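> Quick one, what's the 3D model for this:
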Amino acid sequence: MNKGELIEQVSGASGLSKKDVETVLNQLIDVVKDAVARDEKVTIPGFGAWSRTDRKAREGRNPQTGAPVHIPASKGVKFSAGSQFKAHVQ
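Just a heads-up that it's a prediction; the model follows:
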């Protein structure tokens, strides 16, 4: 399911216009991105949680040559599905 299909389904289920659903969805995404960028954990009970992860610098290998390659430290995002979400999927 892509974003457009999600908007269409939520619009049909809620009776809200597609434009209103798209606005709310875009704002939700922006709020989550901004909070995680500030290193805050965002939790929606029953659904899941987003948090920022820190990856340490490390040495890797170039798969073609086998030469060592320095991989710098970076930040990532982790999503952990909530227990109700996991139970619904199983």
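
> give me phi/psi at K56?
K56 adopts backbone torsions of phi -70, psi 160, taken as degrees, to the nearest 10.

> What separation do you get for the nearest residue to it once chain neighbours are set aside and K33?
In space, and not counting its chain neighbours, K56 is closest to A73: 5.7 Å by CB to CB, 6 or more residues apart in numbering. To be clear about C-beta, it is placed using only N, CA and C from the backbone, and glycine gets the same treatment. Distance, A73 to K33, by CB to CB, to the nearest Å: 21 Å.

> Which of those two has more residues huddled nearby?
Between A73 and K33, counted using other CB atoms under 10 Å, K33 has the larger neighbour count: 13 against 9.

> where's the helix or strand that one falls within relative to the chain centroid, distance-wise?
Per DSSP states H and E, K33 falls inside helix 18-37. Helix 18-37 sits 12 Å away from the centroid of its parent chain (CA atoms, centre = their mean, to the nearest Å).

> pLDDT of it, averaged?
Averaged across helix 18-37, pLDDT comes to 97.

> Could you chop the protein up by domain?
Following automatic domain parsing, one gets these domains for the chain: 1-38, 40-57+69-90.

> how about those, which one is nearest P63?
Closest to P63 of the domains of the chain is domain 40-57+69-90 (CB to CB; 9.6 Å).

> what's the first-to-last distance across that closest one?
For domain 40-57+69-90, the first and last residues are 29 Å from each other (CA to CA, to the nearest Å).

> Give me the mean pLDDT for that domain.
For domain 40-57+69-90, the per-residue pLDDT averages 96.
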